[in-house]
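**Student:** Pasted the sequence and its predicted model underneath.
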Amino acid sequence: MKHRFKNTCYNAQELLNDCMTLKKFMQRTIKQSEAHPEMWNPMTYRGDAFEALVEVLINCSPIDKRINIVEYRPWDIKKDGDDMGVDGLGFSHDGRPHTVQVKFRGNVTEQLTANKDYISNFVSKSDSMYLTKQDMTIFTTANNLLESVNDGIYHGRVRTLGFKEISKLIDKNNSFWAIFRKEMGVV
């Protein structure tokens, strides 16, 4: 795992021991994020935790068509500049560039929107990075990206894997959770 959360997590063992569902991971992440607001902004902590989970999920699933991302790496703010909406980069199975945005939301029924959730920054940065067509995916603990936003503003170009889809991939998936714990240094 390359994400900084491996080194900034307050207590990886407490977060991940006996954790086998996305819902439990979210609950524990929220609890930990509120424990030390003087160290990390709670919202940043939650986002980092979920970005780390998504990194492991993507890199554990290089042949999975539902994910369709290989050679994934988190966006390196130090190397690549300020956070402009893209959280990770990789390639789709057909070789096209693939950008990723990760959004942690405590409400799993919430719909993401263009402005409130800064999705326009993600799309704009993705478009400006490549001269060729690229794929864009949002991983979120919310329900989805509002369909009227995706169709009306982004012409259906943004794929979203929401709470339900991610839960289907990782809930009670012993292999995934064992790898995630190992990547986080939990023995």
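**Tutor:** Good, I have the coordinates.

**Student:** count of neighbours near the nearest residue to V149 once chain neighbours are set aside?
**Tutor:** Once flanking residues are discounted, V149 sits nearest to A114: 4.9 Å by C-beta to C-beta, 6 or more residues apart in numbering. Heads up, the C-betas are built off the backbone N, CA and C, glycines and all. The number of residues packed near A114 is 20, by other C-beta atoms under 10 Å.

**Student:** And for the one 3 residues further on?
**Tutor:** A count of nearby residues for D117, using other C-beta under 10 Å, gives 21.

**Student:** For it, which residues are in contact?
**Tutor:** K103 (C-beta atoms under 8 Å, 6 or more residues apart in numbering).

**Student:** can you do 10 Å?
**Tutor:** The contact partners of D117, by C-beta atoms under 10 Å, 6 or more residues apart in numbering, come to Q101, K103, R105, E110, Q111, I138, T140, A142, L145, L146, V149.

**Student:** mind listing which of those residues are in strands?
**Tutor:** In strands, judged by DSSP state E, the following of those are found: Q101, K103, Q111, I138, T140, L145.

**Student:** Among those, which one has the most neighbours?
**Tutor:** Q101 leads the ones in strands among the contacts of D117 on contacts (other C-beta under 10 Å) with 28 neighbours.

**Student:** Tell me the confidence at that one?
**Tutor:** Q101 is assigned 97 on the pLDDT scale.

**Student:** Repeat that for V54.
**Tutor:** On the pLDDT scale, V54 is placed at 98.

**Student:** ok, the residue nearest to V149 touching D151?
**Tutor:** No - here A114 does not reach D151: they are 11.7 Å apart, not a contact under C-beta atoms under 10 Å.

**Student:** any common contacting residues for these two?
**Tutor:** L145, V158.

**Student:** what's the distance between the most centrally placed residue in the chain and F180?
**Tutor:** Closest residue to the average C-alpha location of the chain: V102 at 3.3 Å, with C-alpha atoms, centre = their mean. Distance of V102 to F180, computed by C-beta to C-beta, to the nearest Å: 15 Å.

**Student:** N107 now?
**Tutor:** With distances taken as C-beta to C-beta, N107 is found 23 Å from F180.

**Student:** Which of these two has more residues huddled nearby?
**Tutor:** F180 (24 against 10).

**Student:** Give the closest residue to G90 in space, chain neighbours not counted.
**Tutor:** Y72 is the one closest to G90 (C-beta to C-beta, 6+ apart), at 3.7 Å.
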